[in-house]
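Engineer: No sequence on hand, only this structure:
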């Protein structure tokens, strides 16, 4: 493969990554906990011993990076100057969440120091709120560890210069806000199996959850917004799948053209072979061959 074609492939990969990140929209998770009332309920699940904290004590510090390839997390909030809490919602099991959490925490601390005007290069020791990291896991899994850690998962349990510990939440108490959110996702998954990625699946999810008093108040007050958010996710997923299929087809065409060249096939014969293989018109096949012919 020529260097120019390698660059084209690299550009294709970057475009795909940019496209996926660009189409990410607010989820029900971020919408719920973007409201102080429900954010306080989440904090009280995490710290039931603290009944003195009020809504005004909570500050949303979720990373909202406007750069295409920048970091962005599900939820971050600060409790006074005491604690920084990061919470991720995860439907598939992956230990990479620990590494992502590490990067989210580093960015969050950077933002905090900038906001406070603290100088890490000065002689005065900076002050930092205590960090806490949680993952709300909404998928199915037989083993449910209470914690996962960087040292255990990536360094065989050996002590290193760095450690990250993430507490896992499974919504075992179905009555609290975490349990209700997990139940909501499971009801949605069941309805999606029945109705596919359709409006009916979303409406049935909302109806069932309201009937069973799951996020009822939130769904009654935000039903149209929830419907819009989830339909938008459907649209984005469809666009993303089509985009990925397009990228794969492009890569296959490029590979076919290069193979023709390696086998000393003439340009005109390559056009004919491409037209037959991919069901293209001769004109379209000629344009595709021209892109990669060297």
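Structural biologist: All right, it came through fine. Just so it is clear, the structure is predicted and the values come from calculations on it, not from any experiment.
Engineer: Just give me the neighbour total for residue 178.
Structural biologist: Residue 178 is flanked by 23 other residues according to other Cβ atoms under 10 Å. C-beta here means a position set from N, CA and C on the backbone, and glycine is covered the same way.
Engineer: Residue 199 now?
Structural biologist: So residue 199, with other Cβ under 10 Å, has 12 neighbours.
Engineer: Distance check, it against residue 209.
Structural biologist: Per Cβ to Cβ, to the nearest Å, residue 199 is found 16 Å from residue 209.
Engineer: all strands of this structure, in order?
Structural biologist: When secondary structure is read from DSSP state E, the chain shows strands at 58-60, 75-79, 83-90, 130-137, 147-149, 165-169.
Engineer: average pLDDT across the first one?
Structural biologist: Rounded to a whole number, the mean pLDDT of strand 58-60 is 96.
Engineer: same question, the third one
Structural biologist: In this model, strand 83-90 has a mean pLDDT of 95.
Engineer: and that strand, how far out from the chain's middle?
Structural biologist: 13 Å (Cα atoms, centre = their mean, to the nearest Å).
Engineer: Same question for the fifth one.
Structural biologist: Relative to its parent chain, strand 147-149 has a centroid offset of 20 Å by Cα atoms, centre = their mean.
Engineer: That strand pairs with which strands, parallel or anti?
Structural biologist: Applying DSSP bridges, strand 147-149 is found paired with strand 165-169 (antiparallel).
Engineer: buried stuff in stretch 112-122?
Structural biologist: Buried positions in stretch 112-122, judged by neighbour count with 16 or more other Cβ atoms under 10 Å: residue 112.
Engineer: Could you tell me the end-to-end distance of it?
Structural biologist: Using Cα to Cα, to the nearest Å, the end-to-end distance of stretch 112-122 comes to 16 Å.
Engineer: try stretch 73-89
Structural biologist: Using Cα to Cα, one end of stretch 73-89 lies 10 Å from the other.
Engineer: what do you get for stretch 131-146?
Structural biologist: Across stretch 131-146, the terminal residues are separated by 17 Å (Cα to Cα).
Engineer: tell me the mean pLDDT for it?
Structural biologist: Per-residue pLDDT over stretch 131-146 has a mean of 93.
Engineer: circling back to that earlier point, now render the strands of the chain as JSON lines, adding distance to residue 181.
Structural biologist: Shown next, in JSON lines, are those (distance: least, Cβ to Cβ, whole Å):
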{"stretch": "strand 58-60", "distance to residue 181": "17"}
{"stretch": "strand 75-79", "distance to residue 181": "11"}
{"stretch": "strand 83-90", "distance to residue 181": "8"}
{"stretch": "strand 130-137", "distance to residue 181": "7"}
{"stretch": "strand 147-149", "distance to residue 181": "20"}
{"stretch": "strand 165-169", "distance to residue 181": "10"}
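Engineer: Distance from the chain centre to stretch 126-145, please.
Structural biologist: Using Cα atoms, centre = their mean, the offset of stretch 126-145 from its chain centre is 15 Å.
Engineer: Residue 257 reaches residue 274, doesn't it?
Structural biologist: Yes: counting by Cβ atoms under 8 Å, residue 257 does reach residue 274; the two are 6.9 Å apart.
Engineer: what do these two both touch?
Structural biologist: Taking Cβ atoms under 8 Å, 6 or more residues apart in numbering as the contact rule, the neighbours common to residue 257 and residue 274 are 288, 289.
Engineer: Neighbour count for these two, which is higher?
Structural biologist: Legend: neighbour count by other Cβ under 10 Å for residue 257 and residue 274, higher for residue 257 (25 against 22).
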